[in-house]
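Enquirer: need a 3D model of the sequence below.
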Amino acid sequence: MTASDVLRVYLKTVAGSGVPVYYRDAARALALEPPQTIHRLAMMLERLIEEDAAAGAPLIASLVISRRRDGLPAPGYFAKAHAVGVYHGATSGPQARAFHAEQLRRAVAFWSEPG
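Expert: The predicted structure follows:
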């Protein structure tokens, strides 16, 4: 199982709660150690975005948000979503907030583990 697979399993449990987690909390849950903890987590999240976009699934990476961005993911989330063709807008502002809210809603519904 790859690190991205482990992250996906963890995020399915997060989806079940319906409440997104902060990058730092996700990194801790995966027991990622410095250096570059958040960068490595971001690379795993980008891999999940690629996989989900290819499968036509909601972006499970939407469940990880930044404390500094008032509930939005980091700009890299939007850049990767743009790169894979599922988002065409800014990394902040109303359009980004609407895209993330919809992806979060869909991700919770789609990725929640039954029971």
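Enquirer: got the buried residues for stretch 105-113?
Expert: Using 16 or more other CB atoms under 10 Å as the test for burial, stretch 105-113 gives 107, 108, 111. (Each C-beta comes from the backbone N, C-alpha and C, glycine too.)
Enquirer: among those, which lie within helices?
Expert: 107, 108, 111 (DSSP state H).
Enquirer: show the contacting residues for the first one.
Expert: Shown in contact with residue 107 (CB atoms under 8 Å, 6 or more residues apart in numbering): 15, 58, 59, 60, 62, 63.
Enquirer: the second one now?
Expert: When contacts are counted by CB under 8 Å, 6+ apart, residue 108 is found next to 15, 18, 63.
Enquirer: please enumerate the strands of this structure.
Expert: Along the chain, counting by DSSP state E, strands occupy 21-22, 64-65.
Enquirer: which other helices and strands contact the first one?
Expert: Using 3 or more CB pairs under 8 Å, 6 or more residues apart in numbering; DSSP states H and E as the contact criterion, the secondary-structure elements in contact with strand 21-22 are strand 64-65.
Enquirer: who does the strand it packs on pair up with?
Expert: Strand pairing for strand 64-65, using DSSP bridges, gives strand 21-22 (parallel).
Enquirer: average model confidence for the partner strand?
Expert: For strand 21-22, mean pLDDT rounds to 98.
Enquirer: and that strand, how far out from the chain middle?
Expert: Relative to the chain's own centre, strand 21-22 is displaced by 9 Å; criterion: CA atoms, centre = their mean, to the nearest Å.
Enquirer: low-confidence stretches in the chain?
Expert: Per-residue confidence for the chain (pLDDT under 70) gives these ranges: 113-115.
Enquirer: find the nearest non-adjacent residue to the residue nearest to the spatial centre of it, please.
Expert: For the chain, the residue nearest the mean C-alpha position is residue 61 (1.5 Å; CA atoms, centre = their mean). Nearest-residue entry for residue 61: residue 45, 4.2 Å, with adjacent residues in sequence omitted and distances by CB to CB, 6 or more residues apart in numbering.
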